[in-house]
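Trainee: What follows is a predicted structure for the sequence shown.
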Amino acid sequence: MQQTAEYCGIKVNEKGLCVCPFHQDRRPSLKIYPNGKGFYCFSCGAGGDQVNFVARYHDVSNYEAAKELAAAFGILLKEPVTYREKREAINRQRRRREIAVFVREAKIYLTVYRGLLCEAIRARDEHFWEGLGSLTYVEYLLECLEICPEDVYEDKKVVSKIGAVKGRIAGWYCPAEADGAVPG
Ligand SMILES: [Zn+2]
C-alpha cells in the first residue's frame, strides 16, 4: 500500500500517515496499513486497497488502475478471456466480499460477547457459569477467524453459533434469558 502511495508521488511518514489526496488535507490524516491491508482517511473517510487508491487518484476505473499498477510493479496479469472465466472471476470476487463482511461482523459479535463473559466471571454475577462455559470457545472462534476465515465461513454449524451469539448479546440484560447460554 505504501509503495502504491509513493508511486502516486505521495510521501508516507514513519507512522504510516500521509496527506490525503482525496480532500483538502493540511496535515497527514490518511493512514496506510501494512501488509496490504489498505488505507483509510480519518478525515474524509476515503478507504480501500491499492487498486481503489490509484483508481480514485487518477480518476479511472478499478480495472484500469489494476492494469496500471501491474505494469508499474511488473506483475503479469492473466485476463479472464472466456465468458466462463469472467463469470468465475466475478464469483470469486463476490465470495471474497461476502467472507470479508461475515468476518468483520463475526469479530464484532464475538468480541462484545467475550467482554460480557469476562465481566460476568469477574463480577461473579448471574452469568458467571455461562462465562466459564463459553469463554474458551468464543476465544477459539476469534482465533479461527484470524487464521482460517474461509473455513469458519464454510462451517454452517459455526455460522449458526455466531448468529446465536448475536442474539445472546441482544438478550444479555433481559432477565428472562439470563440462562440462555450459547452452547459451545
Ligand atoms: Zn481524506
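Mentor: On my side now, so go ahead. Quick caveat, the model's predicted, so the values are computed rather than measured. Residues are numbered from 1 along each chain as shown.
Trainee: what about this structure, any weak spots by pLDDT?
Mentor: Counting by pLDDT under 70, the ranges of the chain that qualify are 80, 175-184.
Trainee: where exactly do the strands run in it?
Mentor: Ranges of strands in the chain, per DSSP state E, are 17-18, 30-32, 39-41, 47-48.
Trainee: for the biggest helix by length in the chain, packing partners?
Mentor: When the chain is scanned for its longest helix (criterion: DSSP state H), the result is helix 83-123. With contacts defined as 3 or more Cβ pairs under 8 Å, 6 or more residues apart in numbering; DSSP states H and E, the secondary structure elements packing on helix 83-123 are helix 128-147, helix 149-154, helix 156-171. (Glycine included, C-beta is placed from N, CA and C.)
Trainee: gap between it and the chain center?
Mentor: Mean C-alpha position of helix 83-123 versus that of the full chain (Cα atoms, centre = their mean, to the nearest Å) differs by 7 Å.
Trainee: and the angle for it with helix 156-171?
Mentor: Here helix 83-123 runs at 50 degrees with respect to helix 156-171, directions being taken by axes from the mean of the first three to the mean of the last three Cα atoms, to 10 degrees.
Trainee: Against residue 63, how distant is the residue nearest to the spatial centre of the chain?
Mentor: Nearest to the mean C-alpha position of the chain, counting by Cα atoms, centre = their mean, stands residue 104 at 4.7 Å. Residue 104 is 25 Å from residue 63, where distance means Cβ to Cβ, to the nearest Å.
Trainee: Could you list the domains of the chain?
Mentor: Split into domains by automatic domain parsing, the chain comes to 2-72, 83-177.
Trainee: what's the closest of those domains to the ion?
Mentor: Set against the ion and scored by Cβ to the ion, those come closest in domain 2-72, at 3.0 Å.
Trainee: What is the distance between the closest one and the centre of its chain?
Mentor: The chain centre lies 18 Å from the centre of domain 2-72; the measure is Cα atoms, centre = their mean.
Trainee: What's the end-to-end length of that domain?
Mentor: Across domain 2-72, the straight-line distance between its terminal residues is 14 Å, by Cα to Cα, to the nearest Å.
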